[in-house]
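Engineer: sequence first, then the predicted structure:
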Amino acid sequence: MLAESPLIQSMRTAVAAAPDDVLLRLHLAELLLNAGHTDAAVAEVAVTLQHAPCDVQARELMARAMGAPAVGPGEAMAAAPPPAASTTAPPRASAPEQPPAPAPRSTVGFDWKAAENQVGDVVPPRFTEAPLAVDGNGDPGDAAAWDVELPGTVRLADVGGMPEVKERLEAAFLAPLRNPELRRLYGKSLRGGLLLYGPPGCGKTFIARAVAGELGASFLSVSVNDVLDMWIGNSERNMHEVFQTARRQAPCVVFLDEVDALGGKRSRTQSNGMRNTVNQLLTELDGIDAGANEGVFVLAATNVPWDVDIALRRPGRLDRTLLVLPPDGPAREAILRYHLRDRPIENVDLSKLLKATDGLSGADLAHLCEGAAEYALLDSARTGTVRMIGMKDMLAAAGQIAPSTEPWFAAARNVAMYANEGGMYDDLVAYLKKKRKL
């Protein structure tokens, strides 16, 4: 491989500083071509043609680099315009005669498709997907547009503690599926909706994935960004396509994350488009035809169930609610073991640590393990001696973390006291009384 001259290296530095300067890049390409670096010259010209596809000099330089034939003398004479009549005196005889200008190379008949194929590996494609139409219509009906996960390996046994949550899930979904004869005897349908609510960071999404794993069902997670669209009618169509995809992939768990954003109270909504989206969600939960949602299990999660439209909680829709609280002792132990499994630890007393972490969410516990690792890392960097993560680090990190669930319980307390119509939040009231927060 030929070595590049200092001039070419300097030009490369200049082009890197001003990548959009077409003339500068063409000058570099010409230097490379003259020095015998044909492939590098082709690459630079190709980038130039990306910025300026109609640049004549770039096209001629590409033709020259790709070995296009030069124009013959006769063709050059025919192509040249006739000389204009001169009004000045002819040059003196003693003046040296200037050499004729070199004939320009022709790009007539040049195979641009072959050139494009040759530089295809050098120049990335300018666009990777078809643009939307003027009215915003894409093709959301394609099932591949929705990320449907295959049945996973996560099971409820992987969820530490939470016996009440597991028992409720067993009654709502799992027992009817495991006992088809009893299901047919008692007329239990393979459909249903469950609303998971509670403070943030307590594992509602993980529980939904565990339910899908227990069912051996596909998992389709839907958030507000997947549905809402700026064009009128597209949000409703997206919502319909979500459920159509789930019906085609049945058995399938549809997980509506932050359902208060997708199904907020219509009485508080000023936008007609948002009201129509909630109406479409209600229609899909009911199923257009009898049995249309057979094998489609809907799990929704929210931190603010009091903001969810009451129609969504009507029997036959999200009619069952489940409070997901901060992890209990066995759950905290499982979470701590999980986040410490690949870290160097020594003499960590989990029983003592569990008492110091009461009330922390799963996200808080993950942050605690990160903080303890930082303490040990910084100490090792200061002393120059690598040491293990110890109990002192864990307790120091725990002392710096305030439970992130406290603001949620402060808001939920008012709801439990003054807005518990029909015993909707009885489980929350019982927990607050148990913790003496009510």
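Structural biologist: Good, I have the coordinates. Numbering: from 1, shown residues only.
Engineer: pull out the buried positions in the strand or helix carrying Gly273.
Structural biologist: Assigned by DSSP states H and E, Gly273 belongs to helix 272-286. Neighbour-count burial for helix 272-286, counted by 16 or more other C-beta atoms under 10 Å, picks out 273-274, 276-282, 284-285. Glycine gets a C-beta too; all of them are placed from N, C-alpha and C.
Engineer: how about stretch 367-383?
Structural biologist: 367-369, 371-373, 375-376.
Engineer: CA atoms of it as CSV?
Structural biologist: The C-alpha trace of stretch 367-383 is given here as CSV (Å, rounded to 0.1, in the frame of the first residue of the first chain):
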residue,chain,number,x,y,z
HIS,A,367,-29.3,2.1,43.6
LEU,A,368,-28.0,1.1,47.0
CYS,A,369,-25.8,-1.6,45.5
GLU,A,370,-24.5,0.9,43.0
GLY,A,371,-23.6,3.3,45.8
ALA,A,372,-21.9,0.6,47.9
ALA,A,373,-19.8,-0.3,44.9
GLU,A,374,-18.8,3.4,44.4
TYR,A,375,-17.6,3.7,48.0
ALA,A,376,-15.4,0.6,47.6
LEU,A,377,-14.1,1.7,44.2
LEU,A,378,-13.2,5.3,45.4
ASP,A,379,-11.5,3.9,48.5
SER,A,380,-9.5,1.5,46.3
ALA,A,381,-8.5,4.3,44.0
ARG,A,382,-7.3,6.5,46.9
THR,A,383,-5.3,3.9,48.7
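Engineer: next one: that stretch to chain centre, how far?
Structural biologist: 30 Å (C-alpha atoms, centre = their mean, to the nearest Å).
Engineer: now swap in stretch 311-330 and tell me
Structural biologist: Relative to its parent chain, stretch 311-330 has a centroid offset of 27 Å by C-alpha atoms, centre = their mean.
Engineer: what of stretch 375-387?
Structural biologist: 36 Å.
Engineer: average pLDDT for it?
Structural biologist: Throughout stretch 375-387, pLDDT has a mean value of 93.
Engineer: contacts for it next, please.
Structural biologist: Applying C-beta atoms under 8 Å, 6 or more residues apart in numbering, the set of residues contacting stretch 375-387 from outside is 388-390, 393, 396-397.
Engineer: if you set the cut-off to 6 Å instead, what comes out?
Structural biologist: 389, 393, 396 (C-beta atoms under 6 Å, 6 or more residues apart in numbering).
Engineer: grab the longest helix from the chain for me.
Structural biologist: helix 362-383 (DSSP state H).
Engineer: compute the inter-axis angle for the next helix or strand after that one and helix 362-383.
Structural biologist: Counting by DSSP H and E, the next helix or strand C-terminal to helix 362-383 is helix 391-399. If you take axes from the mean of the first three to the mean of the last three C-alpha atoms, to 10 degrees, helix 391-399 sits at 130 degrees to helix 362-383.
Engineer: CA atoms of the helix or strand just after helix 391-399 as PDB?
Structural biologist: Once helix 391-399 ends, the next helix or strand along the chain (criterion: DSSP H and E) is helix 406-418. Output of helix 406-418 as PDB, limited to C-alpha atoms (Å, rounded to 0.1, in the frame of the first residue of the first chain):
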ATOM      1  CA  GLU A 406     -42.800   8.200  50.500                       C
ATOM      2  CA  PRO A 407     -44.200  10.900  48.200                       C
ATOM      3  CA  TRP A 408     -46.500   8.400  46.600                       C
ATOM      4  CA  PHE A 409     -47.900   7.200  49.900                       C
ATOM      5  CA  ALA A 410     -48.400  10.900  50.900                       C
ATOM      6  CA  ALA A 411     -50.700  11.300  47.900                       C
ATOM      7  CA  ALA A 412     -52.300   7.900  48.200                       C
ATOM      8  CA  ARG A 413     -53.200   8.600  51.900                       C
ATOM      9  CA  ASN A 414     -55.600  11.300  50.900                       C
ATOM     10  CA  VAL A 415     -57.200   9.100  48.300                       C
ATOM     11  CA  ALA A 416     -57.600   6.200  50.700                       C
ATOM     12  CA  MET A 417     -59.200   8.500  53.300                       C
ATOM     13  CA  TYR A 418     -61.600  10.500  51.200                       C
END
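Engineer: let me know the average pLDDT across helix 406-418.
Structural biologist: 90.
Engineer: helices or strands next to it in the packing?
Structural biologist: helix 426-434 (3 or more C-beta pairs under 6 Å, 6 or more residues apart in numbering; DSSP states H and E).
Engineer: go through the helix it packs on and flag the buried ones.
Structural biologist: By neighbour count with 16+ other C-beta under 10 Å, helix 426-434 contains the buried residues 427-429, 431-432.
Engineer: what pLDDT, on average, does that helix get?
Structural biologist: 89.
Engineer: tell me what it is packed against?
Structural biologist: Going by 3+ C-beta pairs under 6 Å, 6+ apart, helix 426-434 lies up against helix 406-418.
Engineer: re earlier: can you tell me which of the buried residues of helix 426-434 is closest to Asp229?
Structural biologist: Leu428 (34.7 Å; C-beta to C-beta).
Engineer: what sits closest to the closest one if chain neighbours are left out?
Structural biologist: Nearest residue to Leu428, sequence neighbours excluded (C-beta to C-beta, 6 or more residues apart in numbering): Ala416, at 5.0 Å.
Engineer: name all residues that make contact with the one you found.
Structural biologist: The contact partners of Ala416, taken as C-beta under 6 Å, 6+ apart, are 425, 428-429, 432.
Engineer: reformat those as CSV; add distance to Leu150.
Structural biologist: Shown next, in CSV, are the contacts of Ala416 (distance: C-beta to C-beta, whole Å):
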residue, distance to Leu150
Tyr425, 36
Leu428, 35
Val429, 40
Leu432, 40
